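Asker: Sequence and predicted structure below; questions after.
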Amino acid sequence: MKRTKIKCILTMAYFLLMSNCIMTVQGNKLNNTQADLLLRKADIAYQEAQFVLAAEYYNSYLLTNVKNTARTQQKLADCYWQMRNYEKALQVYKQIYPTVNSDISQQDKQRMAELYARNNQYQEASKWLKQVSGFSLKAKVYSEKAALDKMKKDSLNWTLGFSAINSNYRDFSPFLKNDTLFFSSNKPLQENTTAFGWDGNNFTHIWQVPTSQAEEIQADHTVYTTSFKGKSVKNKKSLAGVYECGSNPIIKNNFSANPTSNKNLNGESGQTGILIDGLDEMRYNVSSLSMDKNNQIYFSSNYKRPDKKGTNRIRLMQGRYSADGVTNIKELPFGDANAYSVMHPTVNRDGTILICSSDMPNGMGGYDLYYTSRVDSVHDWDALKAFGGNVNTNGNEVFPCITRDSILYFSSDGMPGLGGLDIYKISLNNALKGLGEAEHVSYPINSSADDFGWTQDSTGTKGFFTSDRFSNNDNIYSFSYQPIKTVKKIIYGFVKEKGSLKPLQGSTVFLFNPKEDSMYVVKTDKDGKYKFVVPSSEELIIKAVDKSYINDCFVTKINTEEQMKDTIQNAPRDLLLNKFKVGFVWKLSNIRYDFNKANIRADAAPVLDSLVMILNEYPITIELGSHTDSRGSMTYNEKLSQHRAESAVKYLIKKGIDPKRITAKGYGESQLLNRCVDGVPCTEAEHQVNRRTEVKVIGYTIPQKEPEEINPDKFKNGEKMNKNQLPENFFSSCQ
């Protein structure tokens, strides 16, 4: 007894000292002893998962001490992450990691990516995520605006509501059964409930409410807070698991099993919902309910006791639900209290297929989805089996839901999405067989925050889900889905070379809709064909661009006679690209000159005759440039090349070409194509390479508007873009 009293006295003295440190930290620099004690206090709070206290102590230490800064910042950032204060977490992480480097852990790189994605900074998120093993596809989507836009493809079909059941606390994981909505919440059970948990809140329980009340829209999005002046207490137990997926789905959370001193949670007057009898007295957390047609209920709960190391993991439970509550509660034969958790059950209507999430060893990621089946509801369940790669990833798959039409909904942070956990769906049959791919549910269901906990009515057009998009706090949202009737108008055409009418594959075609100020990009196929799905606008501008070609465009109108019918319309004409763009240069092959001579040899005549044909066909003006090898002096070679160019020009003039359209230019040895400069021994064949004649387009005999200079390679097929990404006069020549 004396030892206990002495220990208590010392502990109280220690807390008083640390309280005094925090009170005086703003005005005075702590001495080394005080700073060390403050850091120790912070570490104790951190180890006991009292992250609110730990963050306060770490911040005080950093204000007064520069030792162990990186270590302290690392733990402070983790505190904010666990507390879901993502704004402050990003601030601290950016101080620790200003740039990506190989020394940063995979977990912290993944966190940085998610924090940037939460701020819609997807390019930055991509830089971090592409460094994380198994996330290359998600990182690639983050870097592509068109891919992100595709995830909002049917956003206008959704209507969301902020449910009236939301409290000041965390409300999540809804389950809809007929006219009743069940949901999980850590709101206090009564006035002045003693706080538990790593985040200073109450344990989670399951509540129920009539659907009519849940669908009411709560207009007041007030951010509620609770005061926290408690002190760290040595914990004897911890609770592990992910009941709220934003709480850190990779590392086990340590939930305090002892009360946090001096903190009471204020109950809410008139709060919505009632506790389910039979579940309200279970110890620790109870969450994530599912039910079959026979009213067999399945849910997650912590074990009764922790393991030898003090960690209390999560198991699956079963019971019988009725108006009087839940009876016949028993544990399902899954999970391992000493090794891993099994949670988030969902069951099909017949009670023959059960799916859950687990972090059992040898999985693909942190948490994976597993399934078990049985012949009927009275037989035992088979052993758990993992889903394949079309469901599970290197990330976390949590909160599954089987709908009445046999679609599996679940959340994942490993698949390409908008940030954090996104909701996906796949046919249950395909999921069980490992076939097909999971489909991303469109924005605004998914967001850059965590989105999870899907449930829907029998029609599949109404339901509820969870998101922490508002103030980083879990809330339940109602949704309704009503597809908007859209009329599909398609216009197609071809891009060809103007002279030969040869189809041009890979040309970039722009469609601009002035009415909506929107622009789309496609690439032509092997036949030179392009196709756009266009809005019902009367006027459109279509323009084709290709390297080394002159652009072509036209203005057209969409047929508006049948506004409410899908139509396919051919473009009024082909887009014809003239190859002879200003600045375009090509070499006249086989024009050879005898050494030291400038006269046109007989074997060069056919080549120059082909140039005559081009000049007769196209109203271009050209520079005809002649080049020599390096032998002889530079002055001599300049004169020789000039004479050679003039000889070629004279030949063209004799063939009837206007002299005003041709300029002779001798470059001498100033533009050698190989290594054969003065003093370097070369063969005659190597010298011959440099003796050449080139044609450069320098203008037109008929005035033409100069085409805008852009690089078509930077535009991707199917991309929707802003007109401001192009030169201001890009479409001016099309009017």
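Answerer: Nice, thanks for sending it over.
Asker: Show me the domain layout of the protein.
Answerer: 2-151, 157-481, 489-579+714-734, 585-700 (automatic domain parsing).
Asker: Highest mean neighbour count out of these?
Answerer: domain 157-481 (a mean of 19; mean count of other Cβ atoms under 10 Å). The way it works is simple: take the backbone N, C-alpha and C, and place the C-beta from them, glycine included.
Asker: for that domain, the distance to its chain's centre please.
Answerer: 24 Å (Cα atoms, centre = their mean, to the nearest Å).
Asker: For this protein, which segments count as helices?
Answerer: Defined through DSSP state H, the helices belonging to the chain, from first to last, are 2-24, 32-47, 51-64, 69-83, 86-96, 106-118, 122-129, 136-142, 145-150, 211-214, 428-433, 605-617, 634-654, 684-690.
Asker: and those as TSV, adding distance to P572?
Answerer: Putting the helices of the chain into TSV (distance: least, Cβ to Cβ, whole Å) gives the following:
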stretch	distance to P572
helix 2-24	77
helix 32-47	70
helix 51-64	66
helix 69-83	58
helix 86-96	53
helix 106-118	44
helix 122-129	39
helix 136-142	37
helix 145-150	28
helix 211-214	55
helix 428-433	45
helix 605-617	24
helix 634-654	38
helix 684-690	47
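Asker: looking at those, which has the lowest confidence?
Answerer: Taking each of these in turn, the one with the lowest mean pLDDT is helix 2-24, at a mean of 35.
Asker: Flag the shaky bits of the stretch 551-700 of the chain, pLDDT-wise.
Answerer: Scanning the stretch 551-700 of the chain for pLDDT under 70 picks out 560-565, 590, 592-598.
Asker: As a check, name the ranges of all strands in it.
Answerer: Taking DSSP state E, counting those that start in this stretch as the criterion, the stretch 551-700 of the chain carries its strands at 552-557, 567-570, 575-577, 585-588, 620-627, 662-668, 692-700.
Asker: and these as TSV, adding distance to N285?
Answerer: TSV is the format used below for those (distance: least, Cβ to Cβ, whole Å):
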stretch	distance to N285
strand 552-557	63
strand 567-570	57
strand 575-577	64
strand 585-588	74
strand 620-627	79
strand 662-668	82
strand 692-700	76
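Asker: Out of those, flag the one nearest I276.
Answerer: When those are compared for distance to I276 using Cβ to Cβ, the nearest one is strand 567-570, at 55.8 Å.
Asker: who touches that closest one?
Answerer: Applying Cβ atoms under 8 Å, 6 or more residues apart in numbering, the set of residues contacting strand 567-570 from outside is K488, K489, I490, I491, Y492, G493, I558, N559.
Asker: Which two of these have the greatest separation?
Answerer: Across those, the longest distance by Cβ to Cβ is 17.2 Å; it joins K488 and G493.
Asker: pLDDT below threshold where in the stretch 201-350 of the chain?
Answerer: 201, 216-271.
Asker: which residues in it form strands?
Answerer: In the stretch 201-350 of the chain, the segments counted as strands under DSSP E, counting those that start in this stretch are 205-210, 238-239, 255-256, 264-265, 274-275, 286-291, 296-302, 311-312, 314-322, 325-331, 342-347.
Asker: can I get those in CSV with distance to R404?
Answerer: Rendered in CSV, the data for these read as follows (distance: least, Cβ to Cβ, whole Å):
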stretch, distance to R404
strand 205-210, 19
strand 238-239, 33
strand 255-256, 34
strand 264-265, 37
strand 274-275, 26
strand 286-291, 12
strand 296-302, 16
strand 311-312, 34
strand 314-322, 18
strand 325-331, 22
strand 342-347, 12
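Asker: can you tell which of those is closest to G699?
Answerer: Among the strands of the stretch 201-350 of the chain, strand 342-347 comes nearest to G699, with 71.1 Å by Cβ to Cβ.
Asker: Adjacent strands (with direction) for that closest one?
Answerer: In the sheet containing strand 342-347, its partner strands are strand 353-358 (antiparallel), by DSSP bridges.
Asker: and the angle for the strand it pairs with with strand 296-302?
Answerer: Between the direction of strand 353-358 and that of strand 296-302, the angle (axes from the mean of the first three to the mean of the last three Cα atoms, to 10 degrees) works out to 10 degrees.
Asker: What average pLDDT does strand 353-358 get?
Answerer: Summarised as a single mean, pLDDT over strand 353-358 is 97.
Asker: and the angle for that strand with strand 286-291?
Answerer: Using the same axes, to 10 degrees, the interaxial angle of strand 353-358 with respect to strand 286-291 works out to 160 degrees.
Asker: Could you list the residues in contact with strand 353-358?
Answerer: Residues lying outside strand 353-358 but in contact with it, judged by Cβ under 8 Å, 6+ apart, are 242, 298, 316, 334-335, 340-348, 367-373, 381, 384, 396-400, 402, 408, 428, 432.
Asker: what inclination does it have with respect to strand 314-322?
Answerer: Orientation of strand 353-358 against strand 314-322 (the same axes, to 10 degrees) gives an angle of 140 degrees.
Asker: pretty sure N690 contacts D629?
Answerer: Yes - when contacts are counted by Cβ atoms under 8 Å, N690 is listed as touching D629 (4.3 Å).
Asker: Now do the shared contacts for those two.
Answerer: Overlap between the contact sets of N690 and D629, as judged by Cβ under 8 Å, 6+ apart, is given by E669, L672, C676.
Asker: got the contact list for the nearest residue to the last one once chain neighbours are set aside?
Answerer: If I follow you right, that is C676. Computed as Cβ to Cβ, 6 or more residues apart in numbering, the closest residue to C676 that is not its neighbour in sequence is C682, at 3.9 Å. Contacts of C682 were listed using Cβ under 8 Å, 6+ apart, and they are N674, R675, C676.
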